[in-house]
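Asks: take this sequence and fold it.
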Amino acid sequence: MVQMKRSCSGSPLPSKRVPTTACLTIDALKEHDQNALPVSLITRLDIAPEQSISGIPEIPVLSPSTRSSQRSRSSSPSRLSDAHYRYRLLRRANIFVDDDLPIDIQHHTDNKVFCALDANDDNLYKVSEKLWNKSKELARKQSGEAEWTEALYTAIDELKPDGLEIARNRDWREDLKPPVYNPLSTIPRKRDRSQQIVPGSTTTDNLNKSPSINPAEPTIPIFKLKDPRPDICVGLSDENLANALVSKKGRSIARRFLVDLQETSSLISDPHVTPLGLRFPFLVVEAKAAATGGNLYQTQNQAAVGGSAALQILKNLSDLQDMDEGQGTTEDSTAVAQDSPNAKLRLAFSVTTEGPIHELWLHFQKPREEDFYMVCLGAWRTTLKESSMNFLQHLLAVLRWGNGGLKDNIISILQDL
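Replies: Purely as a prediction, here's the structure:
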């Protein structure tokens, strides 16, 4: 018992360590606790690895909700702020957010997509009422991203026509992203002045000097877009496309046609790392919640990459048709491609949300250009009854366009391949 008291004094004697199992009686432990000096938190942290003090975890454990809100999302590298990411990285990938909408593309969307917004659909009215009530509930509860995403997913799933597929939180293929044009080392490096002989100095003086250390050469930054992982993705059903090709190619070939094109990398139409049978995505959703630290700016950056990848799939389809028809070898191939229906194919949509605020964006490519553009078509707040209805009217129009005009153009091209 005397040894235990002396071991807690300010100047312990260098004696052999007593086995941890020696004298560990209940009375001894109680007396030790009463006589032991208090130990500071810093001291406890210093000796924790050696004596395994319980109750002080070396690595903080995050709750599931915190891990979910801090998960790595598409298009937001930790080394760049959201503003720098948009200005520096997206622009290097030729992705331009909030650009002007060309008159011809606006005319096309007004007449082909939003020409007749349905207001008398009973199902639309029920879905709108449901989303409106759910949005008010989620706003009162300060709900997070997962709850808002679920509410919008339910609305889309109840509105989508037959022939469309919907997926959630699935990784997209890396090779569908637009290429990033990183800076090149084109400026010649200056000669190191420290190694030059200064006029008036002697050779002996230079020999006696210690060798100078060359400063580190500047590192050329390498930028990379994060792989898309939309919260929600809507595209064409693989089965529906196969059935549409039966009349032209036969059932056996039609069933494996798109699969063979994908496996040979001739045409990647299903963007997912693990194929889901969802092809030619035309609508992506990126959701955040202000209650958990998210904002619209972040969702817009993420949707910019996902929407551009969707356009890239349509461009690859157009290129495949041009190659099959030999348009690339003719002098007027550019003019032909511009006048063909393929140019109208390069449209896609995205929805970005921050809690009850929902934005609808149009993604497009101009004819004969490689740039990707993203333009906002409108914003709505689903806690307002009329706003919820108007938003879903536009969303339903996009879904019907995807299952109508877009699908018809895609099938027409696939039948001729």
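
Asks: what about the strands in the stretch 101-250 of the chain?
Replies: Here the stretch 101-250 of the chain has its strands, by DSSP state E, counting those that start in this stretch, at 164-168, 232-237.

Asks: what residues of the lengthiest helix in the chain count as buried?
Replies: Ranked by residue count under DSSP state H, the longest helix found in the chain is helix 296-325. Buried residues in helix 296-325, counting neighbours by 16 or more other CB atoms under 10 Å, are found at 296-318, 320-322. Quick note: C-beta positions are derived from backbone N, CA and C, even for glycine.

Asks: cool, and stretch 275-291?
Replies: With the criterion 16+ other CB under 10 Å, stretch 275-291 contains buried residues 275-289, 291.

Asks: ok, of those residues, which one's closest to G144?
Replies: Top of the list for closeness to G144, among those and by CB to CB, is A289 at 4.8 Å.

Asks: is it true that that closest one touches E354?
Replies: Yes. Look at A289 against E354 with CB atoms under 8 Å: they come within range, at 6.9 Å.

Asks: just to revisit the earlier point, tell me which of the strands of the stretch 101-250 of the chain sits nearest to I222.
Replies: Distances from I222 to each of the strands of the stretch 101-250 of the chain were compared by CB to CB, and the smallest falls on strand 232-237, at 28.3 Å.

Asks: what helix or strand is the residue lying closest to V97 once chain neighbours are set aside located in?
Replies: When the adjacent residues along the chain are set aside, V97 lies closest to M374, with 4.7 Å between them (CB to CB, 6 or more residues apart in numbering). In this structure, M374 sits in strand 372-381 according to DSSP states H and E.

Asks: contacts for the helix or strand just after that strand?
Replies: From strand 372-381 onward toward the C-terminus, using DSSP H and E, the following helix or strand is helix 385-401. Applying CB atoms under 8 Å, 6 or more residues apart in numbering, the contact partners of helix 385-401 are 112-114, 116-119, 121, 124-125, 127-128, 131-132, 135, 155-156, 159-161, 164, 234, 282-283, 349, 351, 358, 360, 377-378, 380-382.

Asks: return the subset of those lying in helices.
Replies: Using DSSP H, the members of those that fall in helices are K112, L124, Y125, V127, S128, L131, W132, S135, A155, I156, L159.

Asks: now these as TSV including neighbour count?
Replies: Written out in TSV, the entries for the ones in helices among the contacts of helix 385-401 read as follows (neighbours: other CB atoms under 10 Å):
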residue	neighbour count
K112	15
L124	20
Y125	14
V127	22
S128	24
L131	25
W132	21
S135	25
A155	22
I156	21
L159	20
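
Asks: and those, which two are furthest apart?
Replies: That would be K112 and S135, which, of those, are the farthest apart (CB to CB) at 29.6 Å.

Asks: tilt between whichever helix or strand V259 is part of and strand 232-237?
Replies: Secondary-structure assignment from DSSP H and E places V259 in helix 251-263. Orientation note: helix 251-263 sits at an angle of 140 degrees relative to strand 232-237 (axes from the mean of the first three to the mean of the last three CA atoms, to 10 degrees).

Asks: contacting residues for the closest residue to K177 other than its chain neighbours?
Replies: Setting aside the residues directly before and after it, K177 is nearest to L225 in space (CB to CB, 6+ apart), at 5.0 Å. With contact set as CB under 8 Å, 6+ apart, L225 has these partners: S75, L89, L90, A93, K177, P178, V180, V305.

Asks: confidence score at the last one?
Replies: In the predicted model, V305 carries a pLDDT score of 98.

Asks: how is this structure divided into domains?
Replies: Recorded structural domains for the chain (assignment: automatic domain parsing) are 2-51, 82-181+223-416.

Asks: so, low pLDDT: which residues of the stretch 101-250 of the chain?
Replies: Per-residue confidence of the stretch 101-250 of the chain (counting by pLDDT under 70) places the weak regions at 185-218.

Asks: among the strands of the stretch 101-250 of the chain, which is nearest I411?
Replies: When the strands of the stretch 101-250 of the chain are ranked by distance to I411, counting by CB to CB, first place goes to strand 232-237 at 9.1 Å.

Asks: kindly export the closest one (C-alpha atoms) in PDB.
Replies: Coordinates of the C-alpha atoms in strand 232-237 are reproduced here as PDB (Å, rounded to 0.1, in the frame of the first residue of the first chain):
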ATOM      1  CA  ILE A 232     -32.100  10.900 -58.500                       C
ATOM      2  CA  CYS A 233     -31.700  10.000 -62.200                       C
ATOM      3  CA  VAL A 234     -34.400   9.400 -64.800                       C
ATOM      4  CA  GLY A 235     -33.800   7.700 -68.200                       C
ATOM      5  CA  LEU A 236     -35.300   5.300 -70.700                       C
ATOM      6  CA  SER A 237     -36.100   1.700 -69.900                       C
END
